[in-house]
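[1] got a structure for you, letters missing:
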């Protein structure tokens, strides 16, 4: 079978590999779709401290059970796989805080991922109820988008997005698009989408139809948001981009008692930003992080897609074979797509 295997930063190869054999409590699946994200591009360029090469990449996974052994899963079952695997045993997991499990492992990092024709779902995934049945009526490609939607769901839950909120989403990539749609599903009054790249902004806005699309390259974003909100500012600001400038600007976009979600992480060698703590203090602002998703978030995301509350099919702009995975990474890096999915 063909796989996309990471060997070192800048060294990712399309290779032949034997089909894996199921053992113990693992489940063998035939991968139908494994979608790509910006993290795959980062791994390709810079590696990751959790990856022990050689490693098959890919963590947004949907497929069909081939051999479930005695796990209860049967051949032909359609399944979606969580990306982040909490241990289920530590103090954080026992408190229901699985997204911040200190023992967390990940598909495509600690275990071979979904850029392959076949893959093993580790028993550890099943132990935390992380192999999810795909609801009837949605395809494998849509189901693969449940993983990033699960992360978005975690972020918006922490930021308490809800009825009547004015929401600013900074970043018009696939995550930004999912934030726009989920905010609407949660009852937001208005959602504004911001990006520096006009071409990507227009491509995304054409699909998710925000109440306003603001290009930061030629518009004063703060001034425009203030105008749109009659000077009040937004109730929620989500930085769906790995940008220090976006995080710092977010404070100027806030209404009183607003919530800021730092959804996109910053480079580990340059993570500090400047914050006016008096602004946080006197306007009673709340700043929250967002780190991945739990198995429960993945199940909820599948339900949101299946119900039509958060459509995702039209966000998949490119479908490529596994042999074109490096082309997929280039498309993602250039911001020339919304969602690119690999179909092994």
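    The structure has been received and is ready for your questions. Just so it is clear, the model here is predicted, and its values are computed rather than measured. Residues are numbered from 1 along each chain as shown.

[2] quick one: buried residues of the helix or strand where residue 200 lies?
    Following DSSP states H and E, one finds residue 200 within helix 198-208. Applying a neighbour-count criterion of 16 or more other Cβ atoms under 10 Å, one finds 200, 201, 203, 204, 205, 208 buried in helix 198-208. All C-beta atoms are positioned from the backbone trio N, CA, C, and that covers glycine.

[3] what sits up against it?
    172-173, 176-177, 180-181, 193-195, 213-215, 217-218, 314-315, 317, 335-336, 338 (Cβ atoms under 8 Å, 6 or more residues apart in numbering).

[4] chain neighbours aside, what residue packs nearest to residue 68?
    Excluding the flanking residues, the one nearest residue 68 by Cβ to Cβ, 6 or more residues apart in numbering is residue 27, at 5.0 Å.

[5] okay, now the unreliable bits of the stretch 51-200 of the chain?
    Along the stretch 51-200 of the chain, the model assigns pLDDT under 70 to no residue.

[6] so which residues of it form helices?
    Under the criterion DSSP state H, counting those that start in this stretch, helices of the stretch 51-200 of the chain are mapped to 91-94, 123-127, 140-144, 146-158, 174-185, 198-208.

[7] and the ones you listed: which comes nearest residue 55?
    helix 123-127 (16.3 Å; Cβ to Cβ).

[8] can you list the buried residues in that closest one?
    124, 125, 126.

[9] what of stretch 55-69?
    55-63, 65-68.

[10] and what of stretch 210-225?
    Those buried within stretch 210-225 under the rule 16+ other Cβ under 10 Å are 210, 213, 214, 215, 216, 221, 224, 225.

[11] how near is the first one to residue 282?
    Think residue 210. Distance, residue 210 to residue 282, using Cβ to Cβ, to the nearest Å: 30 Å.

[12] also the fifth one?
    From residue 216 across to residue 282, the span is 26 Å (Cβ to Cβ).

[13] next: the fourth one.
    For residue 215, the distance to residue 282 under the criterion Cβ to Cβ works out to 31 Å.

[14] what does the second one give?
    Using Cβ to Cβ, one obtains 31 Å as the distance from residue 213 to residue 282.

[15] try the third one
    Using Cβ to Cβ, residue 214 is found at 26 Å from residue 282.

[16] re earlier: from the buried residues of stretch 55-69, which land in strands?
    In this view, those that belong to strands under DSSP state E are 55, 56, 60, 61, 62, 63, 65, 66, 67.
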